[in-house]
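[1] structure here, sequence nowhere to be found:
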């Protein structure tokens with residue numbers, strides 16, 4: 001005995017959604033430097049975490065706020081308040097981190113940018129511009145604001161004893 005179904009399906013999918021045409025094309029190249037989310041220690045810098053909860057908060061801010069912010073701003077990202085071109089000792093530290101993390105020596109002409117939308121995680125990246133597009137290459141995360149420290153935000157203990165959770169080794 002079979003089941004008889006006399007109900008006819010209705011069309012539920014609408015094709016009339018109007019996608020806005022983007023004028024600035026920003027590509028965030030997440031797979032170009034595969035270790036960009038890894039944690040490490042170099043000199044007084046660390047992006048190791050206090051615990052798993054801190055990792056969750058940082059990654060949520062990254063995906064929910066920072067990456068969309070970078071994509072929306074396009075080339076104007078360089079004028080944003082919390083975005084900085086690294087120079088001097090900040091750049092030197094960043095190049096050490098990049099070398100240890102990616103086994104990569106950046107030449108002097110490569111601009112390294114700290115990208116942020118205010119509170120939360122900082123992303124260090126290289127940005128390249130073509131005629132009609134911009135490519136963002138994440139290099140590493142600075143969840144503790146140690147590249148550009150701030151007394152108001154850097155009051156926690158970042159020693160190896162306190163900050164020892166490394167998600168790239170744990171997961």
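    Noted; the coordinates are in hand. In this text the structure is predicted, and so the values were computed from the model without any measurement.

[2] please count neighbours and contacts with C-alpha atoms only from this point.
    Will do.

[3] what values do phi and psi take at residue 84?
    With angles defined as degrees, to the nearest 10, residue 84 sits at phi -130, psi 140.

[4] contacts only, for it.
    Residue 84 is in contact with 78, 113, 114, 115, counting by C-alpha atoms under 8 Å, 6 or more residues apart in numbering.

[5] let's see 10 Å
    Each residue near residue 84 by C-alpha atoms under 10 Å, 6 or more residues apart in numbering is listed here: 77, 78, 112, 113, 114, 115, 116, 124, 148.

[6] residues contacting the fifth one?
    Residue 114 makes contacts with 78, 82-86, 94, 122-126, 138-142, 145, 147-148, as judged by C-alpha under 10 Å, 6+ apart.

[7] quick check on the contacts of residue 84: which are buried?
    With neighbours counted by 16 or more other C-alpha atoms under 10 Å, the contacts of residue 84 contain buried members at 77, 78, 112, 113, 114, 115, 116, 124.

[8] any weak-confidence spans in this structure?
    1-5, 7-24, 152-155 (pLDDT under 70).

[9] all helices of this structure, in order?
    All helices of the chain, identified by DSSP state H, fall at 52-61, 67-73, 88-102, 167-170.

[10] to residue 44, which of those lies closest?
    Of all the helices of the chain, it is helix 88-102 that lies closest to residue 44, at 9.3 Å by C-alpha to C-alpha.

[11] quick one: residue 52 and residue 158, what's the gap?
    Per C-alpha to C-alpha, to the nearest Å, residue 52 is found 15 Å from residue 158.

[12] thinking again about what came up before, could the buried ones among the contacts of residue 84 be laid out in CSV, adding distance to residue 56?
    Formatted as CSV, these follow (distance: C-alpha to C-alpha, whole Å):
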residue, distance to residue 56
77, 25
78, 27
112, 26
113, 24
114, 21
115, 19
116, 18
124, 19
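
[13] which one of the residues you listed sits closest to residue 61?
    Closest to residue 61, out of all of those and judged by C-alpha to C-alpha, is residue 116, at 10.3 Å.

[14] and the closest one, what does it touch?
    If you count contacts by C-alpha under 10 Å, 6+ apart, residue 116 has them with 62, 65-67, 69-70, 77, 80-84, 122-124, 142.
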